[in-house]
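Engineer: Okay, predicted coordinates and the sequence, questions at the end:
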2 protein chains.
Amino acid sequence: MKVSKYLDSKPVQELPGVVKREVVNADDGAPNYCMRVFEVEPGSATLFHTHAWEHEVFVLDGQGLAVSEQGETQISRDSVVFVPPDEQHCFKNNGDEILRFICVIPYQ
Amino acid sequence: MKVSKYLDSKPVQELPGVVKREVVNADDGAPNYCMRVFEVEPGSATLFHTHAWEHEVFVLDGQGLAVSEQGETQISRDSVVFVPPDEQHCFKNNGDEILRFICVIPYQ
């Protein structure tokens, strides 16, 4: 068993205003999927993109928009987002504090 | 894309003092793994057990202990726990408010 705090994991600047931490990954011996924590600054967003794998997202803090080709949905603490494979998506911070969320992805 | 609040998902009483919600599962079209949210009342615990699959856990609120055969580690908001396959484990609430955590498991 590995117990840590998410801030112990190395931050990676994904984009301007977007920091990612892999809090559980293959280095821990995780065989199937990776748990990441994202911090998105006010006014910033993750890339609007698509890929062949899903996301399972849980919002920890802040306010934002879950964006797909179908439109935008407001998200906040305790929101859950499932992005199916091959669906365009991004997450925008439209609030005035950090938007922080967990995002789990499978290994390819 | 499915957007919800975790309280929208049906609560299941796993044990006395332990409620589970599957916030993303196969019914949503999730192909690989299931995201659950657990609420453990003060003084209660999940079952001390083992299985062939891993857990990836993120603590949302409260105070508790992550227990394995190697001992107990204090956990709280923003703690991350990786339980490898085949390791005995449980989560105990040793605080005075609800211990709430995300736990992701693969489909078998």
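Structural biologist: The structure has been received and is ready for your questions.
Engineer: can we go C-alpha only for contacts and neighbour counts from here?
Structural biologist: Noted.
Engineer: Residue numbers of chain A in contact with chain B?
Structural biologist: Taking CA under 8 Å from any CA of the partner chain as the criterion, chain A approaches chain B at residues A:1-6, A:23-24, A:28-32, A:35, A:54, A:56, A:60, A:66, A:68, A:73, A:75, A:78-84, A:87, A:106.
Engineer: Out of the residues you listed, name the ones that lie in strands.
Structural biologist: Helix and strand membership here follows DSSP state E; of the residues of chain A next to chain B, those in strands are A:2-5, A:23-24, A:35, A:56, A:60, A:66, A:68, A:73, A:75, A:79-83, A:106.
Engineer: Show me which of those are buried.
Structural biologist: Among these, those buried by neighbour count (16 or more other CA atoms under 10 Å in any protein chain shown) are A:3-5, A:23-24, A:35, A:56, A:60, A:66, A:68, A:73, A:75, A:79-83, A:106.
Engineer: and the residue nearest to the spatial centre of chain A, what element?
Structural biologist: The centroid of chain A falls nearest to A:Cys103 when counting by CA atoms, centre = their mean (3.9 Å). With the criterion set as DSSP states H and E, the secondary-structure element containing A:Cys103 is strand A:99-106.
Engineer: which secondary structure elements does that strand contact?
Structural biologist: Contacting strand A:99-106 under the criterion 3 or more CA pairs under 8 Å, 6 or more residues apart in numbering or on different chains; DSSP states H and E are the following elements: strand A:33-40, strand A:55-61.
Engineer: Report the angle between the shortest one and strand A:99-106.
Structural biologist: Following axes from the mean of the first three to the mean of the last three CA atoms, to 10 degrees, one obtains 160 degrees for the angle between strand A:55-61 and strand A:99-106.
Engineer: what's strand A:55-61 in contact with?
Structural biologist: Contact with strand A:55-61 is made by A:75-85, A:98-105, B:24, B:35, B:60, as judged by CA atoms under 8 Å, 6 or more residues apart in numbering or on different chains.
Engineer: what's the answer for stretch A:29-48, then?
Structural biologist: Applying CA under 8 Å, 6+ apart, the contact partners of stretch A:29-48 are A:6, A:15-26, A:88-107, B:54, B:56, B:82, B:84, B:106.
Engineer: circling back to that earlier point, for A:Lys10, find the nearest of the helices and strands packed on strand A:99-106.
Structural biologist: Across the helices and strands packed on strand A:99-106, the minimum distance to A:Lys10, taken as CA to CA, is reached by strand A:33-40, at 10.7 Å.
Engineer: can you give me the angle that closest one makes with strand A:99-106?
Structural biologist: Orientation of strand A:33-40 against strand A:99-106 (the same axes, to 10 degrees) gives an angle of 160 degrees.
Engineer: mind listing what strand A:33-40 pairs with, with the direction of each?
Structural biologist: Applying DSSP bridges to the sheet, strand A:33-40 is found paired with strand A:18-24 (antiparallel), strand A:99-106 (antiparallel).
Engineer: can you redo the ones you listed as CSV with mean pLDDT and distance to A:Gly43?
Structural biologist: Rendered in CSV, the data for those read as follows (pLDDT from 0 to 100; distance: least, CA to CA, whole Å):
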stretch, mean pLDDT, distance to A:Gly43
strand A:18-24, 98, 10
strand A:99-106, 97, 10
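Engineer: which ones are touching the spatially closest residue to A:Phe38 that is not a sequence neighbour?
Structural biologist: Beyond its immediate neighbours in the sequence, the residue positioned closest to A:Phe38 (CA to CA, 6 or more residues apart in numbering or on different chains) is A:Lys20, lying 4.6 Å away. Neighbour list for A:Lys20: A:11-14, A:36-39 [criterion: CA under 8 Å, 6+ apart].
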